[in-house]
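J.: give me coordinates for this.
(4 chains)
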2 protein chains.
Amino acid sequence: MSLRDRQRAETRLLLQEHAIRLFTDVGYDATTVADVAAAAGVSAMTVYRHFPTKEDLVLYDEYDPVTASAVLGQPASLPLSARIGRALESTAALGSSQEKAFLLARLRLMISVPALRARHLDSQYATADAIVAALCRSSPSPDEEFQVRATAMACLGAAHVALLRWAETGGEADLAGLIRQALTSVFGD
Amino acid sequence: MSLRDRQRAETRLLLQEHAIRLFTDVGYDATTVADVAAAAGVSAMTVYRHFPTKEDLVLYDEYDPVTASAVLGQPASLPLSARIGRALESTAALGSSQEKAFLLARLRLMISVPALRARHLDSQYATADAIVAALCRSSPSPDEEFQVRATAMACLGAAHVALLRWAETGGEADLAGLIRQALTSVFGD
DNA sequence: CCCCAGATGTTAGTGACTAACACTTTGATA
DNA sequence: TATCAAAGTGTTAGTCACTAACATCTGGGG
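T.: Numbers count the residues shown, from 1 in each chain, chains lettered A, B, ... in the order given. Reported below is the predicted structural model:
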């Protein structure tokens, strides 16, 4: 990793941190992209060079591909919903408490700001795509694809409710446990 | 219903029809709100007085409250997922072929335009709220609310996949049947 | 050491959306 | 029927997210 790459990653994280802080303290709509840029000591244009839209300052993370590979890691003997559900649980293992606080702040914004909530839900759609691609690689039957996608979206919908609940508890609850609980509510077992 | 109300509804429908036509033919991003206003013979400001945002020109409909009441109409003896699922099926009964074509055009936009897709998914969130409110009115246990919401979001996620599939078939397939099929994929039975 | 590519800043522009004001039409009431 | 408040509409001016084009500087490979 070159110096340039490191500087780029640094700037991006700096921008994201200032953005979350300002959005949380001042309000999302009340904070302009220029404000975020000024706080980070760069020009507004630089923000757009790192994040395609203002919303992505909150939404950007790297979890999506992880989920798809976690699905493939589950034993194929399990029913489809269990394979996807357990993969989602396993993805919920969190890192340091600092990471947790940052994720929680972002999540609160995603819940309270309509535009962010919408885009966050849409990212489920991308995740479902990844799961379908992972599971249907060998057998491209449109009918099976339909079933896998329906199951994936159902699991993701339930998991999303668990995420909301986790945010409500201020990050105190066990996220993986909540996901399991939500999935159990839906599927029984 | 007064003359004023009728005129207001007329103008709103006129705006929506011109918007869908222009968005479909010219493209969503390539069509400005001013273009829609001009096509309908009103000023841009009038558009915003009828629709809060450009996106709502596509998204607006009246189906949401219907779903919630349909859930209440299902026999309480059924498991939760079946009650919600059958209610969604029953809501899918469509009217005239003209209505169907209009819905199909709107749906195609909601699928292809990212911002619309996101907001459409977010409307599921509102529907889930309505279902939770309808089913948890008497017993405000947060735990039961959690379960109902998780189940509702799972059913809605699956139904959404059915809606996408229906659009793919150009509206030829039986929508209620597709929803049933999606729900069966998820829940078995 | 040099030169190119990538990162940044500046400027000017488009378009969604809001606020404020003036004008007209509608519908209920005196 | 005359009147007046309320609601709908147009106009203007403004903010802000986002884009394109151009100039500048800096890091890294030759």
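J.: list the buried ones in stretch A:42-59?
T.: A:42, A:47, A:50-51, A:54-59 (16 or more other C-beta atoms under 10 Å in any protein chain shown). (Each C-beta comes from the backbone N, C-alpha and C, glycine too.)
J.: filter those residues down to the ones in helices?
T.: A:47, A:50, A:56-59 (DSSP state H).
J.: next up, the contacts around residue A:90.
T.: Listed by C-beta atoms under 8 Å, 6 or more residues apart in numbering or on different chains, the contact set of residue A:90 reads A:70, A:73, A:176.
J.: near DNA strand C too, which of the ones in helices among the buried residues of stretch A:42-59?
T.: Among those, proximity to DNA strand C is found for residue A:50 (C-beta under 7 Å from any atom of the strand).
J.: reformat the ones in helices among the buried residues of stretch A:42-59 as TSV; add pLDDT and distance to residue A:172.
T.: Shown next, in TSV, are those (pLDDT from 0 to 100; distance: C-beta to C-beta, whole Å):
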residue	pLDDT	distance to residue A:172
A:47	98	33
A:50	97	33
A:56	96	28
A:57	97	26
A:58	97	22
A:59	94	24
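J.: which of the contacts of residue A:90 sits closest to residue A:168?
T.: Distances from residue A:168 to the contacts of residue A:90, taken as C-beta to C-beta, are shortest for residue A:176 (16.4 Å).
J.: doesn't residue A:86 make contact with that closest one?
T.: No - assessed by C-beta atoms under 8 Å, residue A:176 is found out of contact with residue A:86, at 9.8 Å.
J.: more neighbours: which of those two?
T.: Between residue A:176 and residue A:86, counted using other C-beta atoms under 10 Å in any protein chain shown, the more crowded position is residue A:86 (21 against 18).
J.: for the more buried one, give me its contacts.
T.: A:74, A:78.
J.: look at it and give its secondary structure.
T.: Three-state call for residue A:86 (DSSP: H, G, I helix; E, B strand; the rest coil): helix.
J.: what does stretch A:67-75 rub up against?
T.: Contacts for stretch A:67-75 (C-beta under 8 Å, 6+ apart): A:82-84, A:86-88, A:90-91, A:127, A:130-131, A:133-135.
J.: repeat the analysis, applying 6 Å as the threshold.
T.: Applying C-beta atoms under 6 Å, 6 or more residues apart in numbering or on different chains, the external contacts of stretch A:67-75 come out as A:83-84, A:86-87, A:90-91, A:127, A:130-131, A:134.
J.: which pair of those residues spans the longest distance?
T.: Farthest-apart pair in those is A:86 and A:130; separation 16.3 Å (C-beta to C-beta).
J.: what's the closest of the contacts of residue A:90 to DNA strand C?
T.: Nearest to DNA strand C among the contacts of residue A:90, counting by C-beta to the nearest atom of the strand, is residue A:70 at 30.1 Å.
J.: and that closest one, how many residues sit next to it?
T.: Neighbourhood size, residue A:70 [other C-beta under 10 Å]: 19.
J.: how much space separates the closest residue to it other than its chain neighbours from residue A:179?
T.: Excluding the flanking residues, the one nearest residue A:70 by C-beta to C-beta, 6 or more residues apart in numbering or on different chains is residue A:87, at 3.8 Å. As defined by C-beta to C-beta, to the nearest Å, residue A:87 lies at a distance of 10 Å from residue A:179.
J.: tell me which of those two has more neighbours.
T.: The neighbour comparison of residue A:87 against residue A:179 (other C-beta under 10 Å) goes to residue A:179, with 27 against 22.
J.: by mean pLDDT, point me to the weakest helix or strand of chain A.
T.: Least confident helix or strand of chain A, by mean pLDDT, DSSP states H and E, is helix A:64-73 with a mean of 85.
J.: what about the lengthiest helix in chain A, near chain B?
T.: Longest helix of chain A, by residue count under DSSP H: helix A:142-168. Yes - counting by C-beta under 6 Å from any C-beta of the partner chain, chain B is contacted by helix A:142-168 at A:146-147, A:149-151, A:153-154, A:157-158, A:161, A:165.
J.: who wins for neighbours among those?
T.: residue A:154 (34 neighbours).
J.: now do the same for the nearest residue to that residue once chain neighbours are set aside: its pLDDT.
T.: Of all residues not flanking residue A:154 in the chain, residue B:154 sits nearest, at 4.0 Å (C-beta to C-beta, 6+ apart). Looking at residue B:154, its pLDDT is 96.
J.: what residues are up against residue B:154?
T.: A:154, A:157-158, A:186.
J.: distance-wise, check residue A:171 relative to DNA strand D.
T.: Going from residue A:171 to DNA strand D by C-beta to the nearest atom of the strand, to the nearest Å gives 28 Å.
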